[in-house]
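**Student:** Sequence and computational prediction follow.
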Amino acid sequence: MATACPPLSLPSTSLLRRSTRAGPSRRPLPSVRCSVVGEAVAEAAVAGTAEEPLLVSAIRGKKVERPPVWLMRQAGRYMKSYQNLCERYPLFRERSENVDLVVEISLQPWKVFKPDGVILFSDILTPLPGMNIPFDIVKGKGPVIYDPLRTAAAVNEVREFVPGEWVPYVGQALSVLRQEVKNEAAVLGFVGAPFTLASYCVEGGSSKNFSKIKKMAFAEPEILHSLLQKFTTSMANYIKYQADNGAQAVQIFDSWATELSPVDFEEFSLPYLKQIVDSVKETHPDLPLILYASGSGGLLERLPLTGVDVVSLDWTVDMAEGRKRLGSNIAVQGNVDPGVLFGSKEFITKRIHDTVQKAGNEGHVLNLGHGIKVGTPEENVAHFFEVAKAIRY
């Protein structure tokens, strides 16, 4: 019978987070308790309470019985229920800008897998129309910005985003999700980071070489800085809006910042991320903020400088090495390779245990290192959650 615990002892406390927000330093790590997959194990540690979900407790450095688990893109195209809904509502924006559909899609994985985080079904580009930037998401092509921002005059036309006026369905959906999920899981919001949003808007959509935004950055940096500042102010407001309407943690996606060299990251991404975090923490000091940047191995030491509470690692970084490089005062999320979910159940189990063992028993949110891939077997996702939720520290 499969057991749900790492086979070896956990790493030393030198690899673990000691949050300055969480109070005194941690005690030595306890041994890990094994359990048969699916078996309930009673522990004294926090398991999620009426006051606070397990995921939030873990991020805050509290003693928890197991790592909380959710998966990026856990609501999406690999699920049969989502595919059926898409047949009735074929347009992405139709699905992502309707309160009832947003709630239904967000809850699809919750009803089947019971993850510890229920993330809003939306898109990082959702705020763009409210900033006077028309866009659409075209099937088979992805995001399309109809009028790319490549001049000072175009950037001057970008206005500050007012979430309550432009995306009231986001706030309404978050409120409903909180009522549905209660504190059995954390309701998660998310936003795009300034450089990533600017990349889409300057390139006109997705890009392979990012030549247009790099041309702007290196030939006309003042134009890019102006655009980045507008996104910074707007995304800080958007995070606060999501928190005010029910989000218990918010993830910031800086998907394209890793296209920058370290020195350029320090100019065009890092200061704007820090501005967002500082602004949010002024009004929402207890709101956990997660930063995810795919392919961030070359920038890892710089990510905690943003002030976020959690850095989400992709699968190209060894979890134990990532812990060392990030330092002890920040939580981590991740970082199983999404491709693992195409493997056997035994292989999936092994990789989960390896990740949890290397992450240690404090300040870790188990996740993939990227979103679930289209075509992932739904039964393997179910196995991932079953194994993860049976682990006990």
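**Tutor:** Received it, and whenever you're ready, just let me know what you need. Numbering: from 1, shown residues only.
**Student:** all contacts plus neighbour counts: C-alpha atoms, from now on.
**Tutor:** Noted.
**Student:** What separates the first and last residues of stretch 118-133, distance-wise?
**Tutor:** 29 Å (CA to CA, to the nearest Å).
**Student:** Please spell out which residues along it are buried.
**Tutor:** 118-131, 133 (16 or more other CA atoms under 10 Å).
**Student:** Name the residues that touch that stretch?
**Tutor:** Contacting residues not belonging to stretch 118-133 are listed as 70, 75, 96-97, 102-103, 105-107, 110, 134-135, 145, 147, 157-163, 166-167, 173-174, 185-192, 197, 201, 253 [CA atoms under 8 Å, 6 or more residues apart in numbering].
**Student:** pLDDT averaged over that stretch - what is it?
**Tutor:** Mean pLDDT, computed over stretch 118-133, is 97.
**Student:** Then stretch 297-307?
**Tutor:** Stretch 297-307 comes out at a mean pLDDT of 96.
**Student:** circling back to that earlier point, looking at the buried residues of stretch 118-133, which are in strands?
**Tutor:** V118, I119 (DSSP state E).
**Student:** just curious, which of the buried residues of stretch 118-133 is nearest to P271?
**Tutor:** The closest of those to P271 turns out to be I124 (CA to CA; 19.7 Å).
**Student:** Quick check: phi and psi on the closest one?
**Tutor:** For I124, the backbone dihedrals (degrees, to the nearest 10) come out as phi -70, psi -20.
**Student:** and the gap between it and L289?
**Tutor:** From I124 across to L289, the span is 16 Å (CA to CA).
**Student:** what does G339 give?
**Tutor:** Distance from G339 to L289, by CA to CA: 26 Å.
**Student:** what about these two, which has more around it?
**Tutor:** L289 (23 against 16; other CA atoms under 10 Å).
**Student:** Go through the top helix by length along the chain and flag the buried ones.
**Tutor:** If you go by DSSP state H, the chain has its longest helix at helix 221-244. Buried positions in helix 221-244, judged by neighbour count with 16+ other CA under 10 Å: 221, 223-225, 227-243.
**Student:** can you check stretch 154-173 too?
**Tutor:** 155, 158-163, 167-173.
**Student:** Same question for stretch 265-276.
**Tutor:** Going by 16+ other CA under 10 Å, stretch 265-276 has these buried residues: F265, F268, S269, L270, P271, Y272, L273, K274, Q275, I276.
**Student:** Need the contact partners of the longest helix of the chain.
**Tutor:** 151-152, 155, 158-164, 170-171, 174, 189-195, 197-198, 216-217, 249-250, 268, 272-273, 275-277, 279-280, 283-284, 287.
**Student:** Among those, name the ones in helices.
**Tutor:** 152, 155, 163-164, 170-171, 174, 194-195, 197-198, 216-217, 268, 272-273, 275-277, 279-280, 283.
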